[in-house]
Structures are given as C-alpha cells and as structure tokens.
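> need a 3D model of the following:
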Amino acid sequence: SLTTADPKPLISWFKDRGKALYDLGQTQIQMDSLDVNVLASQFAAMTANIRAVPSERKKIRDLVNPHTVTLVKALNDFINDGRTKLPAGKTQLVVIADNLDRIVPIYDDHGRSNHDEIFIDRSDQLKGLNCHLIYTVPIAMVYSNRANDLKEVYGNPDLLPMIMVQTPDGALHEPGFEKLKEILRRRIRPFLPQVSLGKDIFEGPEVVEQLCLASGGHVRELLLLVKESLNRANSLPIPTRAVRRAMAETRDTYRRTVEEHQWAVLAKVARNRTIDNDEDHRDLLFRRCLMEYRFFDDDSNMQCWYDVHPLIKAIPEFKEAQTALQL
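The predicted structure follows:
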C-alpha cells in the first residue's frame, strides 16, 4: 500500500497546475492536506467532471502533455518513498492499470488510433515508473499490425482467455464450470457465508448452470448477468424468470451491437472455430461477440479456438446467417 508514502511530490506537481486544472474540471482542488487519500479523492472528483464533458479531454491532454516528464518524476519520488515504508518482508511494489482494455478505438485521418497513441507513442512514460507494472491492453490491438510493436516495447503479452465452460465440440467442460461457481461463491461468501449457491441464492442448480453457460466463461459478463438478475428479483432465491429476463435483455444488447455484414462473420467462426486477422474479427473480439479459449492437449501443446458468445447463438439473425452458410 502507498497510503503511508509522502505525497509532497504529487501535491507540488498539482499545485503548479491547480488553477488550469480547476478551470477545466470546475472542481476546486485543496492542496493543504498532506494526505494521499484526500489527494486521490479530489483528483477523482475533478476527472469525473471532465468525463462528463468529453470535449474537455483534449484540453486536459494539451495541458498535461508538456509536463509528463515532471509528472513521472513526481510519481517516482512518491513511489520510492513508499517502497521504504512497505510492511515487513515486502520489498517491491506492483501497479495494475486496469480497464485500459475497455478503451474504445478512435482513428484519426491517417488510420492511427488512440490505442497507438497510448501504448506505443507513450510507452516511455508508461514504462517509466519505478515499480512493477501491469497494463491491460485491448485485445483488438494484440491481434492488429501493432502486435510486433507491442512485443518490442513490452515483451510478449500475457493473454487471458475465457474460462472454458464448453469444449470445442459443445460438451460441458466440468473444471471450467466449477471454477465459475467458485468465483460466485467467493463473491457471495463475505455477505452470506453459510448459504448454498443453487438453493439459497438461485432457484436451483440448473439456474446456476444456465448463467455460467450464458456468460461464455467471461467473469465480468457472469457478474453482470447476476447483477441484472438480482435487479429483477424481489427476494432470494433468484427465480428462473429473473435470470432468463436478464439473459434476454443482454442478448438484445448484443443483437444491436453486431453490424449487418458481421452476422456472416460470426456464423463462419461458429463453424470453423477459427478467426481471420482482420478488422471485423478484431472488432468482434473487442466487443466480446467473439470469445477466445485455450487449453493444453495430451502432448502439452497449447491449443487455441474461438466461438461466438453463447447469447448471440439464439438471435434470429445469427441463425439465418448459419443457414445461409450451409447452402
């Protein structure tokens, strides 16, 4: 934890730009308290206001860009002090920059994207912090013509596939299914430690199975489905109808996500279990319409395969594309 680190370097950096940041964020930043939690909360309030007005983002980039070197130095001074105050037996720090994989790609007139700007153009700054760093990069970029650039800058990325709940031939994959149930139990245990997942939380074990299969092994998708199911239930256990409604509404969201010409792309992937390295497939991977799975075969070789999101498979447009592919 960095809560005991001396925040003076960061406070000094923000003080030097406090008026300009205030003008953009319309949030007064008080720098009198030498408390990292106070600083973080005030910065969060300011950035929340900026997010509410997207046109302000370019202005703040223009403000911060000339000072990124001094910002990295201030962060490193803060980190270095924090490393001297780690708990006994701890010697290193790791920073995880999560949710960067959700950044929607935006392309300029020259075909370069904001992903290029963040992960390639700004790589010196991203790698400049004096600690271990983990960045979540959009999967579409890993499958793009920037893959070699990423490797040269950061090394080989660690790809996290979906948890395999079905085998390529459609059979239930019990280890993956059990892993998803374990994740749900761990989420519930702090609040309801002595309950049964398939009895007290959901109407029956078959409802849990439906949820796990509908998620396609994507943990965030599973938790979102559970959340939507809870929103439609008056009490526990969550009834089957609430789960089915949550699944139906999520399915409709995916239906509106897929562009007309992409139904044929999805049908082809469902048949072949492979993808082409092109813009359509990268786009569908980014939007979770396509899912990547990996496993080790009997010879310990890693095998990779792809499938369509389970909820999409019940959409009429997808079924029509499958029929057309068979003609």
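
> next, the buried residues of stretch 204-222.
207-219, 221-222 (16 or more other CB atoms under 10 Å). For every residue, glycine as well, the C-beta is placed using N, CA and C.

> between these, which sits nearest Ile11?
The shortest approach to Ile11 among those belongs to Val219, at 37.0 Å (CB to CB).

> related to what we said a few turns ago, from the buried residues of stretch 204-222, which land in helices?
Val207, Val208, Glu209, Gln210, Leu211, Cys212, Leu213, Ala214, Ser215, Val219, Glu221, Leu222 (DSSP state H).

> go ahead and list the helix or strand containing the nearest residue to the fifth one once chain neighbours are set aside.
Just to be clear, that refers to Leu211. Nearest non-adjacent residue to Leu211, counting by CB to CB, 6 or more residues apart in numbering: Leu225, 5.6 Å away. Per DSSP states H and E: Leu225 is located in helix 219-231.

> how's this structure carved up into domains?
Domain ranges of the chain: 8-154, 174-255, 257-326, per automatic domain parsing.

> among those domains, which comes closest to Pro168?
Pro168 lies closest to domain 257-326 among the domains of the chain, at 5.1 Å (CB to CB).

> and the helix holding Leu225, average pLDDT?
Mean per-residue pLDDT for helix 219-231: 96.

> I'd like the next helix or strand past it.
Following helix 219-231 toward the C-terminus (DSSP H and E): helix 240-257.

> how far off centre is that next one?
Put simply, helix 240-257 sits 20 Å off its chain's centre (CA atoms, centre = their mean, to the nearest Å).

> mind listing what's buried in it?
Ala242, Val243, Arg245, Ala246, Met247, Thr250, Arg251, Tyr254, Arg255.

> could you list the residues in contact with that helix?
With CB atoms under 8 Å, 6 or more residues apart in numbering as the test, helix 240-257 has contacts from 202-204, 207, 210-211, 214, 221, 224-225, 228-233, 287, 289, 309, 311-312, 314-315, 317.

> mind doing that once more with 7 Å?
203, 207, 210-211, 214, 225, 228-229, 232-233, 287, 289, 309, 311-312, 314-315, 317 (CB atoms under 7 Å, 6 or more residues apart in numbering).

> between that helix and helix 219-231, how many degrees?
Helix 240-257 and helix 219-231 are oriented at 130 degrees to each other (axes from the mean of the first three to the mean of the last three CA atoms, to 10 degrees).

> grab the CA positions of helix 240-257 and hand them over as CSV.
Output in CSV follows, covering the C-alpha atoms of helix 240-257 (Å, rounded to 0.1, in the frame of the first residue of the first chain):
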residue,chain,number,x,y,z
THR,A,240,-35.5,-18.6,-13.1
ARG,A,241,-37.7,-16.0,-14.8
ALA,A,242,-35.5,-13.2,-13.5
VAL,A,243,-32.3,-14.9,-14.8
ARG,A,244,-34.0,-15.5,-18.2
ARG,A,245,-35.1,-11.9,-18.5
ALA,A,246,-31.6,-10.7,-17.7
MET,A,247,-30.2,-13.1,-20.4
ALA,A,248,-32.8,-11.9,-22.9
GLU,A,249,-32.0,-8.2,-22.4
THR,A,250,-28.3,-8.8,-22.6
ARG,A,251,-28.9,-10.9,-25.8
ASP,A,252,-30.8,-7.9,-27.3
THR,A,253,-27.8,-5.6,-26.5
TYR,A,254,-25.5,-8.0,-28.4
ARG,A,255,-28.0,-8.1,-31.3
ARG,A,256,-27.8,-4.3,-31.6
THR,A,257,-24.0,-4.4,-31.3
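
> immediately after it, which helix or strand?
Downstream of helix 240-257, the first helix or strand assigned by DSSP H and E is helix 262-272.

> helix or strand right after that following helix?
Next helix or strand after helix 262-272 toward the C-terminus (DSSP H and E): helix 279-286.

> tell me what that following helix is packed against?
On a contact count with 3 or more CB pairs under 7 Å, 6 or more residues apart in numbering; DSSP states H and E, helix 279-286 meets helix 139-142, helix 262-272, strand 290-296.
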